[in-house]
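> predicted model and sequence below, questions to follow.
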Amino acid sequence: MNWSMMWQQLHLTPPPTLADELNVAYSQPHRYYHTLQHLQECLTLLAQLQHLAIQPAQIALALYFHDAIYDVYANDNEAQSAAWAAKVLADIGAESKLISRIDTLIMATQHHAPQLTADADSQLLVDIDLAILGREPARFA
């Protein structure tokens with residue numbers, strides 16, 4: 001699912017600079033794994049598995065933000081990423097139900113909170129995020 005289609009399915013219009021802001025965030029030089037490549041691989045996998053999703057546009061949006069904030073020394077990267085997503089969504093007039101849902105999906109990527117992966121879309125999102133663990137050794141490395 002591409003950027004424009006995702007926003008259309010969510011019935012929202014993104015801020016004009018958001019795509020660039022996310023690209024800058026994922027391109028920070030201190031990132032080794034949580035990069036644009038990881039994001040693109042996640043989105044590609046979602047496209048292949050979209051038929052398994054209940055709300056694929058919500059999963060896509062959560063993927064765009066799930067590693068947007070990344071500080072190797074912080075333990076709240078997911079919460080900060082979710083807060084950024086919530087602010088963007090609130091600023092463009094998204095319903096509180098959607099904001100809460102995106103927060104839940106992003107927080108599921110903490111991978112140490114099983115109660116957050118109780119629904120099928122959260123489980124799919126986590127599987128996509130961790131798919132690298134099942135790749136061939138050379139790609140994993």
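Ah, there it is. Residues are numbered from 1 along each chain as shown.

> I'd say Tyr64 and Ala25 touch.
No - counting by C-beta atoms under 8 Å, Tyr64 does not reach Ala25; the two are 10.0 Å apart. Heads up, the C-betas are built off the backbone N, CA and C, glycines and all.

> can you name the residues that contact the residue positioned nearest the centre of the chain?
What sits nearest the mean C-alpha location of the chain, by C-alpha atoms, centre = their mean, is Leu63, with 1.7 Å. For Leu63, the contacting residues are 39, 42-43, 46, 125, 128-129, by C-beta atoms under 8 Å, 6 or more residues apart in numbering.

> quick check: the two most widely separated of these?
Farthest-apart pair in those is Leu39 and Leu125; separation 12.8 Å (C-beta to C-beta).

> between those two, which is the more surrounded one?
Leu125 (26 against 20; other C-beta atoms under 10 Å).

> please report how far the more buried one lies from His66.
Distance of Leu125 to His66, given as C-beta to C-beta, to the nearest Å: 8 Å.

> pull up the overlap in contacts between those two.
Joint contacts of Leu125 and His66 (C-beta under 8 Å, 6+ apart) are 105, 109.

> let me know the next secondary structure element after the helix or strand harbouring Ile59.
Using DSSP states H and E, Ile59 falls within helix 56-66. Counting by DSSP H and E, the next helix or strand C-terminal to helix 56-66 is helix 77-91.

> got the CA coordinates for that next one in CSV?
Once non-C-alpha atoms are left out, helix 77-91 reads as follows in CSV (Å, rounded to 0.1, in the frame of the first residue of the first chain):
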residue,chain,number,x,y,z
ASN,A,77,11.2,4.9,21.7
GLU,A,78,7.8,3.3,20.9
ALA,A,79,6.0,5.6,23.2
GLN,A,80,7.7,8.7,21.7
SER,A,81,6.9,7.4,18.2
ALA,A,82,3.3,6.8,19.2
ALA,A,83,3.1,10.3,20.7
TRP,A,84,4.4,11.8,17.4
ALA,A,85,1.8,9.8,15.4
ALA,A,86,-1.0,10.9,17.9
LYS,A,87,0.0,14.6,17.5
VAL,A,88,0.0,14.4,13.7
LEU,A,89,-3.3,12.6,13.7
ALA,A,90,-4.9,15.0,16.2
ASP,A,91,-3.6,18.0,14.2
